[in-house]
Every structure is written in C-alpha cells, then in structure tokens.
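In: fold the following.
(chains A, B and C)
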Amino acid sequence: MTDKKRTTIVLFSGDYDKAMAAYIIANGAAAYDHEVTIFHTFWGLNALRKDENIEVKKSFMEKMFGKMMPRGADKMGLSKMHFAGMGPKMIKGIMKKHNALPLPDLIEMAKEQEVKLVACTMTMDLLGLQKEELLDGVEYAGVAAYLGDAQDGQVNLFI
Amino acid sequence: MTDKKRTTIVLFSGDYDKAMAAYIIANGAAAYDHEVTIFHTFWGLNALRKDENIEVKKSFMEKMFGKMMPRGADKMGLSKMHFAGMGPKMIKGIMKKHNALPLPDLIEMAKEQEVKLVACTMTMDLLGLQKEELLDGVEYAGVAAYLGDAQDGQVNLFI
Amino acid sequence: MTDKKRTTIVLFSGDYDKAMAAYIIANGAAAYDHEVTIFHTFWGLNALRKDENIEVKKSFMEKMFGKMMPRGADKMGLSKMHFAGMGPKMIKGIMKKHNALPLPDLIEMAKEQEVKLVACTMTMDLLGLQKEELLDGVEYAGVAAYLGDAQDGQVNLFI
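Out: This next block holds a predicted model:
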C-alpha cells in the first residue's frame, strides 16, 4: 500500500449518464493524483464493448444477449427522460454545444490518465462477452481483486 | 473497533441483478475476512421476505403494498432488459448453465459466513412489513446503527 | 482536516425515494456529528429546484429541459412502483400516516443541521439550470471540490 490516495468505482449500470458520472469522477480523481480503478460489472461492461461486431463463437443465448445489449459507450441509453427516444440525442446535442466530452472521449481520457479499467470476468462469462469484443488495454479480474483495491481506497463508489 | 476490515452495503434496490451484485460483494468481503453488514432499506427489504404468505394484521394499504411487492429474492425483477418478461428467466437460465449461484443461495451463503443482514425498521414500518414476514436470523435496526458500522468501514457502498 | 468524521453523498438520482434515502442518511450522519456534504449532480439537481417558475433567459433546449424535469423535491417521482401514477401519492399518504417527514422537510432539516448542499456546476450548465432557480443557501462547486471532501470522508456514497 503506497501513500497515494485511491478511488475505486464499481460501474454496474449500463446507462449513458451514469457511466458519464463514473468517468468524470474517475478522471477528476486521477487528476488529483489518486490511483483509480473502474470495475465494470453486469451492464457496465457495455461501456467497454468495441462498436463493431466481432466474430466469436457463441451459444444461441449468448448471441441474443450480445445483440440486445448496446455495443459500446456511444450506444448506451439514458437512465431517465426517454421522450420518444429524444433523451440521448438531446443530451449529446447539449453536451456538444457546451463542449462537454462525450462518453467515448471520457473513456479515452481515463486510459491516458492510467485509470485501471477492469472487466468483471464472472459477469463476462454470464453475459457471454469475450475479450476480443472489449476495448484494448482492459484488465480482467474478479470480485476478490476489486476488494483488494477497495479496502485500501478512500473513495469507493457503486454506480 | 477491532483490527478487522469492515464492509457495509446499503441495499436500497429491489432489482434481482443489483441484489446479486450486493451479495456477491458481501460474500467476497466475508471470504476476505471482513466484518460485513448489508442494511436492507426500501425495496431492498424484498430480498428478505419469506416466499410464502404470512398471516399478519395489516391495514388495507399495507395489504396492497404487500401484494404488489415481490415476495422474496426469487421473485425480484431485473433492473434492465425486460423483453416481454424474458429478462429474469433468461438470466436465471444462463446462471444455471454457468453454475452461478441464484440469489436465494447467495443469501444463504451470506448467512453461513456470518454476514450481518439488517432490515431497516423505519422503511419496514412505511411499507407495512412485519418481522414474521422476513427471513429468520435477520437483525432489526435504523439508520443510526448503520452509520455506526459504516463510519468504521473501509468499503461502504449504496446499491 | 479536522478530527470530525465526514460523510459525503453524491446524489445523482432524481427519484423521490432515493433522494429520501440520501437525506435520511445525511441527517442521521449530521446528528452523529459528522461533517456532511450532499453533492447534487445530473437529475439529483431537481431536488434543489424552487417549486415556482423563475424567469431567466434560456435557450429553446434549456427551456424544454426545464419543463420536462420536476420542479423541486415535492414533484419528483418514485424509482419503482408506478401503478397508473399511484406510486408517489401512496408513498406520501403512508408517510403522512406514519408521521415520516416528506422530502422537502428532510431538506429543510438538513439545512438546519448545516449539511452542506452543493449543486454541481458542470451539470447545471448542461441542463440549463441557473442559480436563481435553486434553493437559497446552496453552494456551487465541481467534481474537484467533491473529491476534496470525499477523500477525507469515512462514509462516501453514490445514490
């Protein structure tokens, strides 16, 4: 355990706005010189998906899951305010106008700041996601590794 | 305050998948030799309900609430991905195939590992839930007791 | 950094019940003599809106957002259990019967207990909310200020 402060975030949610909040806090903490980990589990894994279709061998159910879930950060929906699909477009339009970074750029920035992006292997297995389908530079671990980081953390959040 | 590390989780959500995440983290932390508390409040109380109907005296509103809320962990729905009701069945089918423990088993394991399962008395009162309707071995407390645990905790999450 | 314990809550959610949980924990922690901060971001900002319409200059999109989002704590909806709009009314009726404090009163109590209520300036900008539209006594800050508080906190939650 170093003297550095540490922030860990469990990103469970697959919502665009919640993932934005997670990455904004993570980037802020990295700028603050914290060691930062985002542990992506369940629907939060979708933020790490590549946006193209990757050919991997899957069971029928895994293929269905793969199709139903959004492929990558840019395709995720909002947690609230779906008005005939207007929600995500509105938010993205407004973000552009205000020069706020969209989610894929926030993820890129996190990688550059050496935020550790971890994919939960147990839920990858459940949802039938394979390493080839996730962004490069992602690490793979389970809940024990998360807890190892979190128990030394000052700021631990579940999003 | 002992030298033991401590994990506390507020389980507010009544979603099957979020409750799974809570119990997986709790069981992991207990295996890590943490003292672990799950404080069930609002819809999270449903995870602690017995699955049979228990005869207790209730007002009309309390009876309605009791009927509308899922009776026990196995009846809870998913936070996302309801495709004509397919969601929970799909997840449970896939979990079975992968030998992942369903929620009732995760709760049983938590009890065996001496995870402290607490029901929030204030929200029990609001929702008209009585002790007879909840699982055996559950403790009863309010927000003050939760904070007493959490302020000595290393990993504190709200799920 | 004082000897006082500290609780920080990120209130991201715009749900009445989640905001209640946030304020109940905050008030409990303040009674426990913690220094408490609630950092309102995204939809959580709605809890801080004044309930009347305030005349401020806005773009068309900002006006639309302003109309679509609930104006103040009392107008927020529930996270679950909307049965033809019955949900929020039922909860409020039951709360009244049990002498539980409604959300606006919980916010008032938090102010009296000197809980620091912070509005996230970045998301205010995104959603087009202006200071004149928010409750008096609210502070304005960004993620860096939140992290400054949270890294010295014992209980840090994301709700």
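
In: show me where chain A has helices.
Out: For chain A, helices defined by DSSP state H occupy the ranges A:16-31, A:60-68, A:86-97, A:103-112, A:121-127, A:143-150.

In: to chain C, which of the ones you listed lies closest?
Out: Closest to chain C of the helices of chain A, according to CB to the nearest CB: helix A:16-31, at 4.0 Å. C-beta here means a position set from N, CA and C on the backbone, and glycine is covered the same way.

In: and chain C, is that closest one touching that?
Out: Yes. Legend: contact between helix A:16-31 and chain C by CB under 8 Å from any CB of the partner chain is shown at A:17-18, A:21, A:24-25, A:28-29, A:31.

In: closest to C:Arg71 out of those residues?
Out: A:Asp17 (19.8 Å; CB to CB).

In: can you pull the pLDDT of the residue nearest to A:Ser79 when sequence neighbours are not counted?
Out: Nearest residue to A:Ser79, sequence neighbours excluded (CB to CB, 6 or more residues apart in numbering or on different chains): A:Asp15, at 3.9 Å. You'll see A:Asp15 listed with a pLDDT of 90.

In: I figured A:Asp15 hits A:Lys75, correct?
Out: No. Using CB atoms under 8 Å as the test, A:Asp15 is too far from A:Lys75 to be in contact (11.8 Å).

In: with neighbour numbers in mind, choose between those two.
Out: A:Asp15 (24 against 16; other CB atoms under 10 Å in any protein chain shown).

In: what separation do you get for that one and C:Met95?
Out: Distance, A:Asp15 to C:Met95, using CB to CB, to the nearest Å: 28 Å.

In: and A:Thr41, by the same measure?
Out: Counting by CB to CB - A:Thr41 and C:Met95 are separated by 34 Å.

In: the two: which is more packed in?
Out: Legend: neighbour count by other CB under 10 Å for A:Thr41 and C:Met95, higher for A:Thr41 (27 against 15).

In: name the residues of chain A found near chain C, please.
Out: Chain A has residues A:5, A:7, A:17-18, A:21, A:24-25, A:28-29, A:31-32, A:34, A:79-81, A:83, A:90-91, A:93-95, A:97-98, A:100, A:154-159 near chain C, with proximity defined as CB under 8 Å from any CB.

In: what is the orientation angle of the least confident helix or strand in chain A by mean pLDDT with helix A:103-112?
Out: Least confident helix or strand of chain A, by mean pLDDT, DSSP states H and E, is helix A:86-97 with a mean of 76. Interaxial angle of helix A:86-97 relative to helix A:103-112 (axes from the mean of the first three to the mean of the last three CA atoms, to 10 degrees): 60 degrees.

In: residues in contact with helix A:86-97?
Out: A:16-17, A:76-78, A:80-81, A:100-102, C:61, C:64-65, C:126-128 (CB atoms under 8 Å, 6 or more residues apart in numbering or on different chains).

In: between the residues you listed, which is nearest chain B?
Out: A:Gly77 (9.2 Å).

In: next, count neighbours for the closest one.
Out: 16.

In: for it, list the residues it contacts.
Out: Contacts of A:Gly77 by CB under 8 Å, 6+ apart are A:14-16, A:70, A:87-88.

In: buried among those? Make that a PyMOL selection.
Out: With 16 or more other CB atoms under 10 Å in any protein chain shown as the criterion, this PyMOL line picks the buried residues out of these:
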select buried, chain A and resi 14+15+16+70+87+88
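
In: can you list the residues of chain A near chain B?
Out: Residues of chain A lying close to chain B by CB under 8 Å from any CB are A:10, A:12, A:14, A:41-43, A:61, A:64-65, A:68-69, A:122, A:125-128, A:143-144, A:146-148, A:150-153, A:156-158.

In: how does it look with 6 Å?
Out: A:12, A:42-43, A:125-126, A:143-144, A:147, A:150-151, A:156, A:158 (CB under 6 Å from any CB of the partner chain).

In: so which residue is dead centre in chain A?
Out: A:Ala47 (4.1 Å; CA atoms, centre = their mean).

In: A:Thr123 contacts A:Thr41, doesn't it?
Out: Yes. Using CB atoms under 6 Å, A:Thr123 is in contact with A:Thr41, at 5.0 Å.

In: who touches stretch A:139-157?
Out: For stretch A:139-157, the external contacting residues (CB atoms under 6 Å, 6 or more residues apart in numbering or on different chains) are A:1, A:5-9, A:37, A:39, A:118-119, A:121-122, B:5, B:24, B:28-29, B:32, B:154-155, C:150-151, C:156, C:158.

In: show me which of those are buried.
Out: A:5-9, A:37, A:39, A:118-119, A:121, B:5, B:24, B:28-29, B:32, B:154-155, C:150-151, C:156, C:158.

In: got the CA coordinates for stretch A:107-116 in CSV?
Out: Only the C-alpha atoms of stretch A:107-116 are listed here, as CSV (Å, rounded to 0.1, in the frame of the first residue of the first chain):
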residue,chain,number,x,y,z
ILE,A,107,-13.0,6.7,-21.6
GLU,A,108,-10.1,7.6,-23.8
MET,A,109,-9.0,10.3,-21.3
ALA,A,110,-9.2,7.8,-18.5
LYS,A,111,-6.9,5.4,-20.3
GLU,A,112,-4.4,8.2,-20.9
GLN,A,113,-4.5,9.1,-17.2
GLU,A,114,-3.8,5.4,-16.4
VAL,A,115,-7.1,4.8,-14.8
LYS,A,116,-7.3,1.0,-14.4
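
In: and that stretch, average pLDDT?
Out: 97.

In: roughly how far is that stretch from the heart of the chain?
Out: 11 Å (CA atoms, centre = their mean, to the nearest Å).

In: for stretch A:114-133, same thing?
Out: Chain-centre distance of stretch A:114-133: 10 Å, with CA atoms, centre = their mean.

In: pull up the distance across it, start to finish.
Out: End-to-end distance for stretch A:114-133: 21 Å, by CA to CA, to the nearest Å.

In: and stretch A:109-117, by the same measure?
Out: Terminal-residue distance, stretch A:109-117 (CA to CA): 12 Å.

In: list of residues touching that stretch?
Out: Contacts for stretch A:109-117 (CB under 6 Å, 6+ apart): A:23, A:26-27, A:30, A:36-38, A:137-138.

In: neighbour-wise, which of the residues you listed leads?
Out: Going by other CB under 10 Å, A:Ala26 tops those with 29 neighbours.
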